[in-house]
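Let's see this in three dimensions:
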Amino acid sequence: MRIGIFGGTFDPPHLGHLILAAEAYHQCRLDRLLWVLTPDPPHKPDQKITPLATRLALLHACLADAPEFELSTVDIDRPPPHFALDTVRILREQYPKDELIYLMGSDSLLNLHTWHRPLDFIRACDGFGVTRRSDEHIDLAALDVRLPGLSGKVHFVISMILGISSTEIRARIGSSAPVRYYLHPGVYQLIRAQGLYRSGP
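Modelled structure (predicted):
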């Protein structure tokens, strides 16, 4: 099987996440897509993050009617730091016969050299599903100079990308701006019921 790995803090999960996941599932010909909720992302040490239990509930609501997507607790079930390399290695032990395709945005691809042990991470993955706009050009040859072996594993996922971000959604809720149509209905209802993000981003 081809298994996609979609990691993030999902604070909160939004329609942009769902659209990109759906496009990756289709264009990368995935059999399963694991959403990996990261409790304490090492690259966001100074950012205030919503408690894990709340983000977990939001993600459950987001995926409730999407049988092609699965929630993985691989990062929740282990102590920090939660580096992507370790996540992939644990999943490799769980799925030794399957292909592991790590999903990321083009911004993450361009910054991959700053990740924890990037060369080991590239070797640990069978491929990368990288979302980009149809008019966006990325010089894979230049990236390969810094990270040998990367370009041969990249599959670009083209999408009508929406400019939705969790940061902007938190800010909009904090300023009482509308967010209903940027979110899965279950996520929106949970945020309203619990009064989440009212204190601002």
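
Check which residues of the least confident helix or strand in the chain by mean pLDDT are buried.
Between all helices and strands in the chain, the lowest mean by mean pLDDT, DSSP states H and E belongs to helix 106-110, at a mean of 89. Buried residues in helix 106-110, counted by 16 or more other C-beta atoms under 10 Å: 106, 108-109. (Each C-beta comes from the backbone N, C-alpha and C, glycine too.)

swap in stretch 15-34?
Counting neighbours by 16+ other C-beta under 10 Å, one finds that the buried residues in stretch 15-34 are 15-21, 23-25, 28, 30, 32-34.

Narrow the residues you listed to those in helices?
If you go by DSSP state H, these have 15-21, 23-25 in helices.

out of these, which one sits closest to Leu58?
His17 (10.8 Å; C-beta to C-beta).

With Thr54 as the reference, measure out to the closest one.
Counting by C-beta to C-beta, to the nearest Å, the gap from His17 to Thr54 is 16 Å.

Around Ser166, how many other residues sit close by?
21 (other C-beta atoms under 10 Å).

Just give the closest residue to it, not the sequence neighbours.
Leaving aside its chain neighbours, Ser166 sits nearest to Asp11 (5.1 Å; criterion: C-beta to C-beta, 6 or more residues apart in numbering).

what do you get for Ile138?
Ser106 (6.0 Å).

which SS state does Thr87 fall under?
Recorded secondary structure, Thr87: helix (DSSP: H, G, I helix; E, B strand; the rest coil).

Next one: it from Pro39, what distance?
Thr87 is 12 Å from Pro39, by C-beta to C-beta.

list residues touching both of those two?
Common neighbours of Thr87 and Pro39 (criterion: C-beta atoms under 8 Å, 6 or more residues apart in numbering): Asp75.

Among these two, which residue is more densely surrounded?
Between Thr87 and Pro39, counted using other C-beta under 10 Å, Thr87 has the larger neighbour count: 23 against 18.

Was I right to think the more buried one contacts Asp77?
No. Between Thr87 and Asp77 there is no contact under C-beta atoms under 8 Å: 10.8 Å.

The residue nearest to Ile138 reaches Asp135, doesn't it?
No. Using C-beta under 8 Å, Ser106 is not in contact with Asp135, being 11.7 Å away.

Which residue is most remote from the mean position of this structure?
What lies farthest from the middle of the chain is Ser176; by C-alpha atoms, centre = their mean that is 26.4 Å.

What helix or strand is it located in?
Counting by DSSP states H and E, no helix or strand carries Ser176.

how far away is it from Leu140?
43 Å.

how about the helices of this protein, start to end?
15-27, 52-63, 84-94, 106-110, 118-124, 140-146, 166-174, 185-194.

which one of these has the lowest average pLDDT?
If the helices of the chain are sorted by mean pLDDT, helix 106-110 sits at the bottom with a mean of 89.

in stretch 79-91, what's buried?
Of the residues in stretch 79-91, 82-88, 91 count as buried by neighbour count, 16+ other C-beta under 10 Å.

which one of those is nearest Leu119?
Leu85 (9.8 Å).
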